[in-house]
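1. When you get a sec, could you give me coordinates for this:
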Amino acid sequence: MRPERHLRPAGGSTVETLAFLPGFMCDARVFSDQILALNAEQAIHLAPLSLDTTIPAMAKKVLEGAPNHLALVGQGLGALVAMDVLRQAPERVSRIALMGCSPLLESPQDAALREPRIVKAQAGQLDAALREEYPLSAFAEGPYQDQVQEALVQMGLSLGVETFVRQTRALQRRPDQQKVLRQSRLPALVLCGAKDTIVSPRRHQFMAELIPNARLEVIEEAGHMPLLETPERVTRALQEFMAMPMRLM
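-> Residues are numbered from 1 along each chain as shown. Presented below is the predicted three-dimensional model:
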């Protein structure tokens with residue numbers, strides 16, 4: 001990957017860096033199409049989220065390692081961290097794109113369902129636990145459905161059991177971010193797949209309605225992971241989003 005290039009937006013002198021925050025048990029590979037497409041146009045920053053057990057701690061680490069002015073793009077867990085980056089340092093965020101997430105607390109029922117998967121992962125069955133986290137039913141039916149699941153499983157296996165446990169605990173304890181989103185005046189993109197069975201399109205619509213300047217984009221041919229199911233559509237949406245005027249808080 002090329003080193004970060006400092007670009008000057010039209011009409012201003014502020015450097016804006018596109019910061020990618022990957023989802024649960026994912027790494028930079030989940031954004032590979034977008035990085036390749038946007039790297040020539042934008043400064044790029046990748047934020048690993050594998051070493052902490054809470055969303056605020058992950059967000060703090062992102063802020064410690066990232067440039068000053070960030071266009072945040074988060075999927076799943078990474079989107080939750082992006083919201084907390086906005087909460088902790090709104091003056092450093094220029095825009096935010098959120099995918100596959102909800103700003104609400106995790107319900108006690110959903111939090112309890114994660115416990116058997118932790119036990120399974122710690123018992124040497126991380127592969128099976130990952131397939132339960134990302135079932136085939138979460139993705140749009142089609143010839144690449146199995147490949148999408150397999151890509152997520154392989155990323156998860158490379159991150160390992162300890163990261164699985166840490167990130168699961170972070171999801172179970174995640175803060176409610178509705179107030180943060182209501183108060184934001186940034187350009188925002190909320191993107192989801194119409195076939196997502198993990199975080200429904202209706203939940204994404206609710207989130208978009210919380211944010212005063214949000215645009216909702218629903219991709220009909222995708223489920224929970226449009227980044228892998230319809231990467232070209234996601235890239236185009238991000239290019240259009242990044243072309244919007246930049247406003248810093």
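
2. Put the alpha carbons of the one helix or strand residue 171 maps to into PDB.
-> Assigned by DSSP states H and E, residue 171 belongs to helix 161-172. Presented in PDB, the C-alpha positions along helix 161-172 are these (Å, rounded to 0.1, in the frame of the first residue of the first chain):
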ATOM      1  CA  VAL A 161      -9.300 -16.900  19.700                       C
ATOM      2  CA  GLU A 162      -8.100 -14.100  22.000                       C
ATOM      3  CA  THR A 163      -9.300 -11.400  19.500                       C
ATOM      4  CA  PHE A 164     -12.600 -13.200  19.200                       C
ATOM      5  CA  VAL A 165     -13.100 -13.100  23.000                       C
ATOM      6  CA  ARG A 166     -12.000  -9.400  23.300                       C
ATOM      7  CA  GLN A 167     -14.200  -8.200  20.400                       C
ATOM      8  CA  THR A 168     -17.200 -10.300  21.600                       C
ATOM      9  CA  ARG A 169     -16.900  -8.600  25.100                       C
ATOM     10  CA  ALA A 170     -16.700  -5.200  23.400                       C
ATOM     11  CA  LEU A 171     -19.900  -5.900  21.500                       C
ATOM     12  CA  GLN A 172     -21.700  -7.100  24.600                       C
END
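
3. Averaged pLDDT, the helix or strand following that helix. What do you get?
-> Using DSSP H and E, the helix or strand that follows helix 161-172 in sequence is helix 178-183. Here helix 178-183 scores 97 as its mean pLDDT.

4. Give me the contacts around helix 178-183.
-> 83-84, 86-87, 103-104, 188, 207, 210-212 (Cβ atoms under 8 Å, 6 or more residues apart in numbering). C-beta: built from backbone N, CA, C; applies to glycine.

5. Which of the residues you listed are buried? Put it as a ChimeraX command.
-> Selecting only the buried entries of the contacts of helix 178-183 in ChimeraX, with 16 or more other Cβ atoms under 10 Å as the criterion:
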select :83,84,86,87,103,188,207,210,211
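
6. Cross the contacts of helix 178-183 against strands and list the overlap.
-> Using DSSP state E, residue 188 are the members of the contacts of helix 178-183 that sit in strands.

7. Show me where this protein has its helices.
-> Using DSSP state H, the helices found in the chain span residues 32-38, 55-65, 77-88, 108-122, 126-133, 145-159, 161-172, 178-183, 201-210, 226-229, 231-242.

8. how about JSON lines for those helices, with distance to residue 194 added?
-> Shown next, in JSON lines, are those (distance: least, Cβ to Cβ, whole Å):
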{"stretch": "helix 32-38", "distance to residue 194": "20"}
{"stretch": "helix 55-65", "distance to residue 194": "27"}
{"stretch": "helix 77-88", "distance to residue 194": "18"}
{"stretch": "helix 108-122", "distance to residue 194": "22"}
{"stretch": "helix 126-133", "distance to residue 194": "21"}
{"stretch": "helix 145-159", "distance to residue 194": "15"}
{"stretch": "helix 161-172", "distance to residue 194": "23"}
{"stretch": "helix 178-183", "distance to residue 194": "22"}
{"stretch": "helix 201-210", "distance to residue 194": "6"}
{"stretch": "helix 226-229", "distance to residue 194": "10"}
{"stretch": "helix 231-242", "distance to residue 194": "12"}
